[in-house]
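**Q** Here is a sequence with its predicted model. Questions after.
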There are 2 protein chains.
Amino acid sequence: MKNFIFQNPTKLVFGKGQISKLNELIPADVNLMITYGGGSVTRNGVYEQVKAALKGRKFIEFWGIEPNPQVETLRRAIELGKSENINFLLSVGGGSVLDGTKLIAAGILSDDDAWDIVLKGNAEKQIPFASVMTVPATGSEMNSGAVITRAETNEKFSFGGTYPQFSILDPEVTYTLSEHQIACGLADAYTHVLEQYLTTPNQSRLMDRWAEGILLSVMEIAPKIKENPCDYDLMADYMLAATLALNDFIRMGVTQDWVTHMIGHEITALHGTTHGHSLAIIMPATMRVLREQKHDKLLQYGERIFNITEGSEDERVEKAIEMTEKFYRSLGLTTRLSEENIGNKTIETIAKRFNDRGVAYGENRNVTGDVAREILLSCS
Amino acid sequence: MKNFIFQNPTKLVFGKGQISKLNELIPADVNLMITYGGGSVTRNGVYEQVKAALKGRKFIEFWGIEPNPQVETLRRAIELGKSENINFLLSVGGGSVLDGTKLIAAGILSDDDAWDIVLKGNAEKQIPFASVMTVPATGSEMNSGAVITRAETNEKFSFGGTYPQFSILDPEVTYTLSEHQIACGLADAYTHVLEQYLTTPNQSRLMDRWAEGILLSVMEIAPKIKENPCDYDLMADYMLAATLALNDFIRMGVTQDWVTHMIGHEITALHGTTHGHSLAIIMPATMRVLREQKHDKLLQYGERIFNITEGSEDERVEKAIEMTEKFYRSLGLTTRLSEENIGNKTIETIAKRFNDRGVAYGENRNVTGDVAREILLSCS
């Protein structure tokens, strides 16, 4: 096991009716700005619940943070926040609204342009922020990261900073999500775990078991949710799984990969593909191309998640990859670039971007633009 | 899933050589008191490492917090802390030293007698404290609880408060633990999980999987540690398992039991039995007596931990209980009161204590003194 430091101070406020606690959770004396997406919260009752909880309090609102939040939009929010002396942010929406809010929280305390904060990779300072999370997927509600898009150049990068002060997760707010949103959310959570699990074996038995525990839970609930998208306990497990998949809990003392995310972000930046969907396309291909270096872990994964115990090692690895692609498809997602009309031009653009950056990604820092091309061709 | 609020702010500093970070972890301007047990840290090198890390800093020391820390000892530490204006405590030792330190942290800020703080169940205020943990077992390094003994009456009670600011866990410091200490530590961690797992089924698939993940890890490492007690990765997983078994991570949205602990504490208070050992004796008996209300979870436990899939439900439950007792024995612990020369007098004392308190314990608040007697007779 590698040395590590773990600390996650976010307060998770989970369950039915918890939005009503907003007033006691947000300090009384702050200048509050609430951030939203395009307006879905006005249709699912969340906006009304937030307004009711904060009745009598003063706050300003910023609307219009889009899916894959754009720095161009966030610059306007930062400007507003600065001019209004905002010192506390509440994100009400999904992972994109919260990721955008994390950049606003940094931008308000910085003289740098917002995109420069992203490119630095780490926010030096952020004003306190919190969230009412409405779309289980990114884990942003309990982690320190955010992914931001620059529309003018079709680029998408992540940066890290501090954690939300608190996040309210009420499974009932997920009842109005579309099938596609749920499919992408489940794919996102599942893939987050694989990025932290399909690495060097035998680093920690316990972290392996916890990663597998999330994978098994997501596999188990996915088909049930299709039948019963308003079953409270199912949606509660979905919501909790998405949070625990990316809040540092399963990466204590182990290496990580994130190749699939690096490529997936490019697909989204260039084509607008929903994040979780892009991962469903890329992950099986990453497994295929990196099957040698991931061989032992793929065997363990196949056995513990899909009960694959028969056949040669190569056959079992092959089967584990097949079952993974099949699982993503079972969610209702496509898993090939051609199905999304993404062709060679995009593949070459991504390969060139990686090569131009002169960095290689992945656990072993060996995924160059050329390897990324192989991965993309493998799912083309 | 039940509504819940989760927040655990402790910073975990894990791995080889991490004790050297003490100076940067403890704020520069505090009046520091370091607390210790009976002196084992002077024999395993930890004391020297702590002194080296804090070279040039001023601090006072309090020695002699005993296993199952006694309020009589802690009162003296509180008095010293008050007179020296101590405002930061560092516990260097095992769970008992840290539990005692938690009471000192509360006592320094209180005019109440220390035992009254324990009896209240919750410390209102505590000065900041941290730990260098040397014995993986109690999970005290990342939770808010503590268990204190009153020697003059042979009573043992727990109270809750705040979390350690940080805890340093270096697996190398475990190499000098005795076989019995390790056996009790593993039994303690395993039983902590069972207390949070063997309850009403289907509350959270994910929490079940994480609980099972710790159980499977402990089962897997236990025999290997017997062979290789100085294997770093084994001891790292043991240390991490003990922490994660009782730091709130596996109890999100689920009910808990703690009957075995309530009875085990009495055994320890009356006979000095090591805490983990007392649990190894009581847990199988709790399963036997409460097998009806725990029936469904015992079936799941048997299948997922011991691969018990054959036979009638009753036979599978029976087998799961047998395998649990066998596991505790495989650690080198006895599992019957008679083996520790504990007889009917103790059983009756405990039954009377429970009945006199007029409270019933357990998930369903149905374990009265009479049920406790049944449990104790079942392992007599």
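**A** Right, received. Where do you want to start? Since the model is a prediction, treat every value here as computed from it, not as a measurement.
**Q** how deep is residue A:190 tucked in, by neighbour count?
**A** Neighbourhood size, residue A:190 [other C-beta atoms under 10 Å in any protein chain shown]: 26. For the C-beta atoms, the positions are set from N, CA and C on the backbone; glycine is no exception.
**Q** Next, give phi and psi for it.
**A** With angles defined as degrees, to the nearest 10, residue A:190 sits at phi -60, psi -40.
**Q** Against chain B, how distant is residue A:168?
**A** According to C-beta to the nearest C-beta, to the nearest Å, residue A:168 and chain B sit 10 Å apart.
**Q** Would you check that that residue makes contact with residue A:21?
**A** Yes. With contact defined as C-beta atoms under 8 Å, residue A:168 reaches residue A:21; the gap is 7.1 Å.
**Q** between those two, which one's more packed in?
**A** Shown here are residue A:168 and residue A:21; by other C-beta under 10 Å, residue A:168 has more neighbours (30 against 14).
**Q** Just the CA atoms of the one helix or strand the more buried one maps to, as CSV, please.
**A** In this structure, residue A:168 sits in strand A:166-169 according to DSSP states H and E. Presented in CSV, the C-alpha positions along strand A:166-169 are these (Å, rounded to 0.1, in the frame of the first residue of the first chain):
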residue,chain,number,x,y,z
PHE,A,166,-22.2,20.4,2.8
SER,A,167,-24.2,18.6,0.2
ILE,A,168,-27.9,17.7,0.5
LEU,A,169,-28.9,14.5,-1.3
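**Q** distance between the ends of stretch A:19-27?
**A** From its first residue to its last, stretch A:19-27 covers 15 Å (C-alpha to C-alpha, to the nearest Å).
**Q** List the contacts of it.
**A** Contact with stretch A:19-27 is made by A:11, A:13, A:32, A:46, A:49-50, A:52-54, A:57, A:88, A:90, A:130, A:132, A:165-166, A:168, A:170, A:173, as judged by C-beta atoms under 8 Å, 6 or more residues apart in numbering or on different chains.
**Q** Give the residues shared as contacts by residue A:168 and residue A:21.
**A** In contact with both residue A:168 and residue A:21: residue A:13, using C-beta under 8 Å, 6+ apart.
**Q** so residue A:90 bridges to which residues?
**A** For residue A:90, the beta-bridge partners under DSSP bridges are residue A:34, residue A:130.
**Q** How about the residues of the stretch 51-200 of chain A by chain B?
**A** A:166, A:171 (C-beta under 8 Å from any C-beta of the partner chain).
**Q** Just checking: what are the partner strands of the strand ranked longest in chain A?
**A** Criterion DSSP state E: the longest strand present in chain A is strand A:4-14. Here strand A:4-14 is paired, per DSSP bridges, with strand A:166-169 (parallel), strand B:4-14 (antiparallel).
**Q** what about the ones you listed, which gets the closest to residue A:245?
**A** Comparing the strands paired with strand A:4-14 by their distance to residue A:245 (C-beta to C-beta), the top pick is strand A:166-169, with 13.4 Å.
**Q** Which residues does the closest one contact?
**A** A:10-15, A:18-19, A:21-22, A:25, A:130-133, A:136, A:141-142, A:239-240, A:243, B:7.
**Q** for the strands paired with strand A:4-14, which one ends up most surrounded?
**A** The highest mean neighbour count among those, using mean count of other C-beta atoms under 10 Å in any protein chain shown, belongs to strand A:166-169: a mean of 26.
**Q** Any stretches of the stretch 1-150 of chain A with poor pLDDT?
**A** Scanning the stretch 1-150 of chain A for pLDDT under 70 picks out nothing.
**Q** Which parts of it are strands?
**A** A:4-14, A:32-36, A:59-62, A:88-93, A:129-133, A:145-150 (DSSP state E, counting those that start in this stretch).
**Q** Only the buried residues of the last one, if you could.
**A** So that's strand A:145-150. By neighbour count on 16 or more other C-beta atoms under 10 Å in any protein chain shown, the buried set for strand A:145-150 is A:146-150.
**Q** of the residues you listed, closest to residue A:326?
**A** Looking across the buried residues of strand A:145-150 and measuring by C-beta to C-beta, the closest to residue A:326 is residue A:147, at 27.4 Å.
**Q** how about that closest one, what does it touch?
**A** A:68, A:99, A:138, A:156-158, A:265, A:275.
**Q** Most neighbours among these, which one?
**A** Neighbour counts for those peak at residue A:138, which has 26 neighbours (criterion: other C-beta under 10 Å).
**Q** which phi and psi does that one have?
**A** The phi/psi pair for residue A:138 (degrees, to the nearest 10) is phi -80, psi -20.
**Q** Also residue A:279?
**A** The phi/psi pair for residue A:279 (degrees, to the nearest 10) is phi -70, psi -40.
**Q** now the most centrally placed residue in chain A, nearest residue through space, not along the chain?
**A** The centroid of chain A falls nearest to residue A:138 when counting by C-alpha atoms, centre = their mean (2.5 Å). With sequence-adjacent residues excluded and distances taken as C-beta to C-beta, 6 or more residues apart in numbering or on different chains, residue A:138 is closest to residue A:95, at 3.0 Å.
**Q** Let me know which of the strands of the stretch 1-150 of chain A is the nearest to residue B:355.
**A** Per C-beta to C-beta, nearest to residue B:355 of the strands of the stretch 1-150 of chain A: strand A:4-14, 37.0 Å.
**Q** Restricting to C-alpha, output the closest one in PDB.
**A** Coordinates of each C-alpha in strand A:4-14 appear next as PDB, following Å, rounded to 0.1, in the frame of the first residue of the first chain:
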ATOM      1  CA  PHE A   4      -1.500   8.500   1.600                       C
ATOM      2  CA  ILE A   5      -3.200  11.400   3.300                       C
ATOM      3  CA  PHE A   6      -7.000  11.400   3.400                       C
ATOM      4  CA  GLN A   7      -9.300  14.100   4.600                       C
ATOM      5  CA  ASN A   8     -12.800  14.800   3.300                       C
ATOM      6  CA  PRO A   9     -14.600  17.400   5.500                       C
ATOM      7  CA  THR A  10     -17.900  17.600   3.500                       C
ATOM      8  CA  LYS A  11     -21.000  17.100   5.500                       C
ATOM      9  CA  LEU A  12     -23.400  14.800   3.700                       C
ATOM     10  CA  VAL A  13     -27.100  15.500   4.500                       C
ATOM     11  CA  PHE A  14     -28.900  12.600   3.000                       C
END
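**Q** Relative to the whole chain's centre, how far out is that strand?
**A** From the chain centre to the centre of strand A:4-14 is a distance of 17 Å (C-alpha atoms, centre = their mean, to the nearest Å).
**Q** who touches it?
**A** For strand A:4-14, the external contacting residues (C-beta under 8 Å, 6+ apart) are A:21, A:25, A:141-143, A:163-170, A:236, A:239-240, A:243, A:247-249, A:251-253, B:1, B:3-15, B:166, B:252-253.
**Q** about what we covered before: mean confidence score for the strand holding residue A:168?
**A** Here strand A:166-169 scores 98 as its mean pLDDT.
**Q** before we move on, the earlier item: I'd guessed the residue nearest to the centre of chain A sits against residue A:246; true?
**A** Yes. Counting by C-beta under 8 Å, residue A:246 is a contact partner of residue A:138 at 7.0 Å.
**Q** Now do the buried residues in the lengthiest helix in chain A.
**A** The residue-count maximum for a helix in chain A (DSSP state H) belongs to helix A:205-227. The neighbour-count check on helix A:205-227 (16+ other C-beta under 10 Å) flags A:205-219, A:221-222, A:225 as buried.
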